[in-house]
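1. how would this look folded up:
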Amino acid sequence: MHDYKQKVGNPLESLRGKTAIIGAADSDVGVVPHMSATQLCVDAALKAMEDAGITKDEIDGIVSCDSWAEPFLYHAEAISEYLQIEPKYCISVGTGGGTTFSLLHHAASAIATGICDTVLITMADSLRSGISKEKAMKTQASTGHPQFESPYGPSVPSLYALIARAHMAEFGTTAEQLAAVSVTARKHAHLNPAAQMRELITVEDVVNSRMIADPLHLYDCSLISDGGSAVILTSREKAKNYSKQPVYLLGVGEGHRHEHISQAQSLTTSAAVDSGERAYEMAGLGPNDIDFAELYDCFTPTVLIELEDLGFCNKGEGGAFVESGAIELGGSLPVNTHGGLLSHCHPGNPGSMFALTEAVVQLRNEAGRRQVTDAEVALVHGQGGIMSSHTTLILGKEV
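-> Got it, this is the predicted structure:
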């Protein structure tokens, strides 16, 4: 076991507890043809401001990621222009599904170092209504290594299927255990009126759904969605001036071990090990201190590997852990309480943002029927590429 006591030397060097989320909101998600990606991005931003109880004049930092459906050369600047904000700090970053959380610690650093005071982080895309299937496939295919992957025509699902097969071969993981991830996500989405897919499914439904890339079936794969999401981050001192419960950033860590899956040293252990350890160390907490987790679930095997690599169960035991019901509401570690990418929505790079807004809702005790009892500390994890770039956040109600 690791010693997760804070190892940051001078506490002034750590981001622990220096910033807090004071606003969080989502646009409509699923199929939203009447709004462009930019409109969804701005809609989420305006709703987050309303949630925080602030005006745009109080925002002096804007952070975003680019959109596939409606790209801009300088995306964050374009959103600033749309909102008529002239920020002190403005940046757009792309790290796949980990984008949301790497952006969060960049914004927290800007606040902690006095570059700005209050940052809007907003992002959206329209993968369902704003982009053709052909363009989506072409864009996804471009992620493969140009020499060792792309010439052989692998799809993104097939590369995650490779990871699933490796986990099965090494640890005896079953298709039914993978399916349990989707079934749990749908149970949680069923309780979430905002989720794109709410109809309950069974393990049998998952394993009997159409094969996409052996061993991954249709219900092992995330949704394709439109949607936008935003949060507002400010200093700990300023956060006390607003009416909503502040949600403090206690720990953050990144991990990067490869870009292309053909260059990965392991298919069953990821850089979530590194990002998790770094986040735990900053927070001075460990896996046993986490009340619930929001994990990146673009495909079912990613959840098993993340659970293992983040220390919630031993390596190779992710399948049994999920199958036991541990990740359901009422279990020892509720996971993806909003329904995740598998059932809530997945508009591409912004997809993990909804895990962040869900964590805020849970820590404020505002989640209604899907509320985690006595939720005090959350772990939120995003990954981009093919298990390539990882960022882990630890959030809490108290510093």
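2. check contacts around the residue most central in space within the chain.
-> Geometric centre of the chain, nearest residue: S352, 2.5 Å, by Cα atoms, centre = their mean. By Cβ atoms under 8 Å, 6 or more residues apart in numbering, S352 lies in contact with G97, G98, T99, T100, F101, Y296, L341, V380, G382. For the C-beta atoms, the positions are set from N, CA and C on the backbone; glycine is no exception.
3. if I've got this straight, it is in a strand?
-> No - going by DSSP: H, G, I helix; E, B strand; the rest coil, the assignment for S352 is helix, not a strand.
4. For it, give me the pLDDT.
-> You'll see S352 listed with a pLDDT of 93.
5. before we move on, what SS does C313 have?
-> Taking three-state DSSP as the rule, one finds C313 in the coil state.
6. correct me, but it touches L307?
-> Yes - C313 is within contact range of L307, at 5.6 Å (criterion: Cβ atoms under 8 Å).
7. ok, these two, which is more surrounded?
-> Per other Cβ atoms under 10 Å, whichever of C313 and L307 has more neighbours is L307, with 27 against 20.
8. Please name the nearest non-neighbouring residue to that one.
-> Among residues not flanking L307 along the chain, G318 sits closest, at 4.7 Å (Cβ to Cβ, 6 or more residues apart in numbering).
9. separation between the one you found and A112?
-> G318 sits at a distance of 35 Å from A112 (criterion: Cβ to Cβ, to the nearest Å).
10. Look at those two and report which has more neighbours.
-> The residue with more neighbours, out of G318 and A112, is G318; 27 against 18, by other Cβ under 10 Å.
11. show me what contacts H75?
-> By Cβ under 8 Å, 6+ apart, the neighbours of H75 are S64, C65, D66, S67, S92.
12. Show me which pair in these is furthest apart.
-> Of all pairs drawn from the contacts of H75, the one with the longest distance (Cβ to Cβ) is S67 and S92, at 10.1 Å.
13. Those two: who's more crowded?
-> Shown here are S67 and S92; by other Cβ under 10 Å, S67 has more neighbours (27 against 20).
14. Including distance to E134 and secondary structure, could the contacts of S352 go into JSON lines?
-> Listed next are those as JSON lines, based on distance: Cβ to Cβ, whole Å; DSSP: H, G, I helix; E, B strand; the rest coil:
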{"residue": "G97", "distance to E134": "22", "secondary structure": "strand"}
{"residue": "G98", "distance to E134": "27", "secondary structure": "coil"}
{"residue": "T99", "distance to E134": "24", "secondary structure": "helix"}
{"residue": "T100", "distance to E134": "27", "secondary structure": "helix"}
{"residue": "F101", "distance to E134": "31", "secondary structure": "helix"}
{"residue": "Y296", "distance to E134": "26", "secondary structure": "coil"}
{"residue": "L341", "distance to E134": "22", "secondary structure": "helix"}
{"residue": "V380", "distance to E134": "33", "secondary structure": "strand"}
{"residue": "G382", "distance to E134": "27", "secondary structure": "strand"}
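15. what's the closest of the residues you listed to D205?
-> Nearest member of the contacts of S352 to D205, counting by Cβ to Cβ, is L341, at 18.0 Å.
16. Once you drop chain neighbours, what's closest to the closest one?
-> S222 (3.9 Å).
17. D51 too?
-> Nearest residue to D51, sequence neighbours excluded (Cβ to Cβ, 6+ apart): G23, at 4.4 Å.
18. One more: I212?
-> Using Cβ to Cβ, 6+ apart and skipping residues adjacent in sequence, the residue nearest I212 is P157, 4.9 Å away.
19. Check D66 too.
-> H75 (4.4 Å).
20. so what pLDDT did the one you found get?
-> So, for H75, pLDDT stands at 95.
21. How much space separates it from A166?
-> Counting by Cβ to Cβ, the gap from H75 to A166 is 35 Å.
22. which residues sit in contact with V63?
-> By Cβ under 8 Å, 6+ apart, the neighbours of V63 are 76, 89-93, 103, 106-107, 119-122.
23. what's the distance between stretch 21-35 and the middle of its chain?
-> Centre-to-centre, stretch 21-35 and its host chain are 15 Å apart (Cα atoms, centre = their mean, to the nearest Å).
24. er, stretch 65-76 actually
-> Taking Cα atoms, centre = their mean, one finds stretch 65-76 lying 19 Å from the centre of the chain it belongs to.
25. Equivalent analysis for stretch 348-356, please.
-> The answer for stretch 348-356 is 5 Å, by Cα atoms, centre = their mean.
26. Just the CA atoms of that stretch, as PDB, please.
-> Presented in PDB, the C-alpha positions along stretch 348-356 are these (Å, rounded to 0.1, in the frame of the first residue of the first chain):
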ATOM      1  CA  GLY A 348     -16.500  13.800 -27.400                       C
ATOM      2  CA  ASN A 349     -13.700  15.700 -25.700                       C
ATOM      3  CA  PRO A 350     -16.200  17.500 -23.400                       C
ATOM      4  CA  GLY A 351     -17.600  14.200 -22.200                       C
ATOM      5  CA  SER A 352     -15.800  14.100 -18.900                       C
ATOM      6  CA  MET A 353     -17.100  17.500 -18.000                       C
ATOM      7  CA  PHE A 354     -20.400  16.000 -17.000                       C
ATOM      8  CA  ALA A 355     -18.600  13.900 -14.500                       C
ATOM      9  CA  LEU A 356     -17.300  17.000 -12.900                       C
END
